[in-house]
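A.B. asks: Fold the following and give me the result.
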Amino acid sequence: MKLGAFSISLSVKDIHASKAFYENLGFTAFAGDITKNYVIMKNEQALIGLFQGMFANNILTFNPGWDDNAQNLEQFDDVRAIQQQLRSKGVTLVAEADESTSGPASLMLTDPDGNMIYVDQHR
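C.D. replies: Model prediction:
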């Protein structure tokens, strides 16, 4: 199962303070729009999304079809195929992709400790 690029999406209280903090750790703004309360920070292959007021808890995020520079991969596992594999293993999904569609879609699940995992395919 190829899940694509990995990042952690952090629910932050103050987007500007968080951005400055991660800049001090060597991260730079990579994508997003701070005026819309989200920014994606990058340090080499490490990606951290900072999100203010968008969700309650931190989320582990995977992007099938993208590498760690948000560039399209030639070959990748479609989120619907990933969903079918997870279901076949008895994994409970919190949100599912519509398998009658193609292109962008997502699914969500939680690990045994309640950590949210978001598989978000953009293409």
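A.B. asks: What ranges does the protein have for its helices?
C.D. replies: Ranges of helices within the chain are 15-24, 79-88, based on DSSP state H.
A.B. asks: Deepest-packed of these, please.
C.D. replies: Per residue and on average, the most neighbours among the helices of the chain fall to helix 79-88, with a mean of 17 (mean count of other CB atoms under 10 Å). Heads up, the C-betas are built off the backbone N, CA and C, glycines and all.
A.B. asks: mind checking how far that one is from the chain centre?
C.D. replies: 17 Å (CA atoms, centre = their mean, to the nearest Å).
A.B. asks: Check which helices and strands it is in contact with.
C.D. replies: strand 105-110, strand 116-121 (3 or more CB pairs under 8 Å, 6 or more residues apart in numbering; DSSP states H and E).
A.B. asks: So which of these is nearest residue 95?
C.D. replies: Nearest to residue 95 among the helices and strands packed on helix 79-88 is strand 105-110; the distance by CB to CB comes to 4.1 Å.
A.B. asks: Show me what that closest one is in contact with.
C.D. replies: 79-80, 82-83, 86, 91-98, 116-121 (CB atoms under 8 Å, 6 or more residues apart in numbering).
A.B. asks: go again using 10 Å as the cut-off
C.D. replies: With contact meaning CB atoms under 10 Å, 6 or more residues apart in numbering, strand 105-110 is reached by 59-64, 78-80, 82-83, 86-87, 91-99, 115-122.
A.B. asks: so what's the most centrally placed residue in the chain bridging to?
C.D. replies: Nearest residue to the geometric centre of the chain (CA atoms, centre = their mean): residue 61, 2.6 Å. In this entry, residue 61 is beta-bridged to residue 7, residue 118, by DSSP bridges.
A.B. asks: I'd assumed residue 115 was in contact with it.
C.D. replies: No. With contact defined as CB atoms under 10 Å, residue 61 and residue 115 do not form a contacting pair (11.4 Å).
A.B. asks: can you tell me which residues contact residue 114?
C.D. replies: Residue 114 touches residue 57, counting by CB under 10 Å, 6+ apart.
A.B. asks: Do you know the pLDDT at it?
C.D. replies: If you check residue 114, the pLDDT there is 91.
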